[in-house]
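Participant: turn this into a structure:
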Amino acid sequence: MRIRNWDKFQHYKPMHSKYKKQMTWLKLYGGDILNDIDWFELSDTNKAIYIELLCLASQNHGNLPDIKTIAFRLRRSKDQLQKALDDLVHWIEDGIYSVYTMPIPEEEKEEEKNKKSVKKYDYSLFDKFWEEIIPSVRKYGKQNCKDKWKSHDLNKEAEKIFSWYEQMGQTEEWKKGMIPAPEVVINQRRWEAEVPKTKQGKVRYDWEGAK
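Facilitator: Below is the predicted model:
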């Protein structure tokens, strides 16, 4: 069952299908009641029951539950309600009321589309960096490094980073174990610093030149 012509009573229409806000009040046009002869033929009790049914229907978009549930919600007997519904046939009808929703604006559709189209970040180069490039003695702080790799999008600079590590692996400092932690390398972007050569042709790293 549902309230007949429920559109007249609801005070709002949801702007978006995902919003299911419950009505906190409803519209009741006095002129419709005072000019309706059938209304004045109702008993005072049935008039009150009709108003109560409007309040109940407002919680479910104009729809009414079964008699048993109505009786519980309105604290009335099933027999009393059945008789009242027979008298209220002018205002109650069978069927299910479909919730009206306005079309979703194009910009919202586009926004939802963009969210769905966002691809997961490709960590394959980071995995190579962690598993194959970093010396095993310096493999700590992985999650922080992974987060910073993504935030700085270091996939674009991966080859430079790999090349820098390869060159630094030939320096005396690194051979002696003076290897910076990977998080330090990322934070200071050390692969951007030049790796100068000594007069003997050996590669060394200018630590003071790093930023």
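Participant: how about the longest helix along the chain: buried residues?
Facilitator: Identified as the longest helix of the chain according to DSSP state H is helix 44-57. By 16 or more other CB atoms under 10 Å, the buried positions in helix 44-57 come out as 46-47, 49-50, 52-54, 56-57. In this view, the C-beta of every residue, glycine as well, is placed from N, C-alpha and C.
Participant: stretch 146-155 now?
Facilitator: Quick answer for stretch 146-155 (16+ other CB under 10 Å): 146, 148-149, 154-155.
Participant: what does stretch 129-138 give?
Facilitator: For stretch 129-138, a neighbour-count test (16+ other CB under 10 Å) marks 129-130, 133-134, 138 as buried.
Participant: quick one: the helices in the chain?
Facilitator: Here the chain has its helices, by DSSP H, at 30-34, 37-40, 44-57, 67-74, 78-87, 106-117, 124-128, 142-151, 158-168, 172-175, 182-188.
Participant: how about residues contacting stretch 176-194?
Facilitator: Stretch 176-194 has contacts (CB atoms under 8 Å, 6 or more residues apart in numbering) with 129-130, 134-135, 137-141, 144-145, 148-149, 152, 154, 157, 160-161, 163-165, 168, 173, 205-206, 209-211.
Participant: got it, and stretch 35-46?
Facilitator: Residues contacting stretch 35-46 (CB under 8 Å, 6+ apart): 33, 47, 50, 80, 84, 87-88, 90.
Participant: start to end distance for it?
Facilitator: This stretch, stretch 35-46, spans 18 Å end to end (CA to CA, to the nearest Å).
Participant: mind listing what's buried in it?
Facilitator: 42, 46.
Participant: domain map for the protein?
Facilitator: Using automatic domain parsing, the domain ranges for the chain come out as 2-93, 124-209.
Participant: any chance of those in JSON lines, plus mean pLDDT and distance to Glu111?
Facilitator: As requested, the domains of the chain are exported to JSON lines (pLDDT from 0 to 100; distance: least, CB to CB, whole Å):
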{"stretch": "domain 2-93", "mean pLDDT": "78", "distance to Glu111": "12"}
{"stretch": "domain 124-209", "mean pLDDT": "83", "distance to Glu111": "23"}
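Participant: nearest to Glu110, out of those domains?
Facilitator: domain 2-93 (14.3 Å; CB to CB).
Participant: spatially nearest residue to Met1, not counting backbone neighbours?
Facilitator: Spatial nearest neighbour of Met1, chain neighbours left out: Leu64 (4.3 Å); criterion: CB to CB, 6 or more residues apart in numbering.
Participant: count of residues packed around Glu110?
Facilitator: By the criterion of other CB atoms under 10 Å, Glu110 has 10 neighbours.
Participant: ok, it to Glu183 distance?
Facilitator: Applying CB to CB, to the nearest Å, the value for Glu110 to Glu183 is 38 Å.
Participant: over to Tyr165?
Facilitator: In terms of CB to CB, Tyr165 sits 14 Å off from Glu183.
Participant: between the two, which one's more packed in?
Facilitator: Set Tyr165 next to Glu183 and count neighbours by other CB under 10 Å: Tyr165 wins out with 20 against 16.
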